[in-house]
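J.: Coordinates only, no sequence provided:
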């Protein structure tokens, strides 16, 4: 049922079907229910060059989506697209194609300079400063991940002796509008990292009812008076290891 509001973004409709649905595209089905979504293109290239993954499917369109499968595991992997409409919209399509277990790994800007480059954040939820998630869940300031799934990932990280933090991300649509006052407010609300996809991905997972977990590593620094890149895109070892960690974990979430 649609609930009217003064502002269009607040008019959530809980109807499970729309005029256009993921099955409208007749996308077919994968032969596995497990997927890793990563934002590390150089890792994808390394896996291809090392013959560790093979092409599985290309979803056609104006921006074709290439999906690969690990040669030694029943797990798909794809490169995430920037922003909730692209990344979380594709996630909704993937679940229609049979994906029920998803591990996400990417990087984000730290809101606390004490979070070192490469420090892993286990996402517990996202501050919803996006537009996409409000079409999947009623308005709220924060969307939280499924606690059982998140606790399970925490146990897996501890089993593997991987240091990590738990907490919220700040999901924003506007990379050039992360103002000083907004950064301070999001920090006060508990945000540890800023990124552009988690509120949408979490909302899709909750709305459609499948397992979703996200590990994001500390990248550039937005906590000081000036932005610091910190060379975060060149941390190849961290990024490669994080993808392989997600590949292992997606079986157990």
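T.: Received, thanks. Just so we're clear, the structure is a prediction, and the values are computed from it rather than from any experiment. Residues are numbered from 1 along each chain as shown.

J.: contacting residues around the strand or helix carrying residue 92?
T.: According to DSSP states H and E, residue 92 maps onto helix 84-96. Helix 84-96 has contacts (Cβ atoms under 8 Å, 6 or more residues apart in numbering) with 21-23, 25, 27, 30, 35, 37, 59, 63, 65, 78, 80-81, 99, 102, 130-133, 171, 173, 196-197, 199-201, 203-205, 208, 210. Any C-beta I mention is one placed from the backbone N, CA and C, and that applies to glycine too.

J.: Please repeat the previous calculation with a cut-off of 6 Å.
T.: For helix 84-96, the surrounding residues in contact (Cβ atoms under 6 Å, 6 or more residues apart in numbering) are 22-23, 65, 80-81, 130, 132, 197, 200-201, 204, 208, 210.

J.: What is the most widely separated pair among these?
T.: With distance counted by Cβ to Cβ, no two of these lie farther apart than 23 and 130, which are 24.7 Å apart.

J.: Comparing these two, which residue is more hemmed in?
T.: Per other Cβ atoms under 10 Å, whichever of residue 23 and residue 130 has more neighbours is residue 130, with 25 against 11.

J.: for that one, what are its contacts?
T.: 84, 171, 173, 199-200.

J.: Just the pLDDT at it, thanks.
T.: On pLDDT, residue 130 comes in at 98.

J.: what's the answer for residue 116, then?
T.: At residue 116, pLDDT is 74.

J.: Let me know the secondary structure of it.
T.: coil (DSSP: H, G, I helix; E, B strand; the rest coil).

J.: likewise residue 66?
T.: Secondary structure assignment for residue 66 (three-state DSSP): strand.

J.: returning to that earlier point: who wins for neighbours among the contacts of residue 130?
T.: Neighbour-wise, the contacts of residue 130 (other Cβ under 10 Å) top out at residue 171, 32 neighbours.

J.: residues contacting that one?
T.: Residue 171 touches 126, 129-130, 198-199, counting by Cβ under 6 Å, 6+ apart.

J.: now with 10 Å?
T.: 83-84, 88, 108, 123, 125-130, 132-133, 142-143, 191, 193-203 (Cβ atoms under 10 Å, 6 or more residues apart in numbering).

J.: Go ahead and list the helix or strand containing the residue nearest to it when sequence neighbours are not counted.
T.: Residue nearest to residue 171 in three dimensions, not counting chain neighbours: residue 199, with 3.6 Å by Cβ to Cβ, 6 or more residues apart in numbering. Here residue 199 sits within helix 198-208, counting by DSSP H and E.

J.: Then residue 43?
T.: Element membership for residue 43 (DSSP H and E) is helix 41-49.

J.: other SSEs contacting that helix?
T.: Secondary-structure packing of helix 41-49 (3 or more Cβ pairs under 10 Å, 6 or more residues apart in numbering; DSSP states H and E): strand 53-59, strand 65-70, strand 76-79, helix 236-249.

J.: what angle sits between it and strand 65-70?
T.: If you take axes from the mean of the first three to the mean of the last three Cα atoms, to 10 degrees, helix 41-49 sits at 50 degrees to strand 65-70.

J.: So the residue nearest to residue 171 sits against residue 131, correct?
T.: Yes. Shown here, residue 199 and residue 131 form a contact pair, counting by Cβ atoms under 10 Å, at 9.5 Å.
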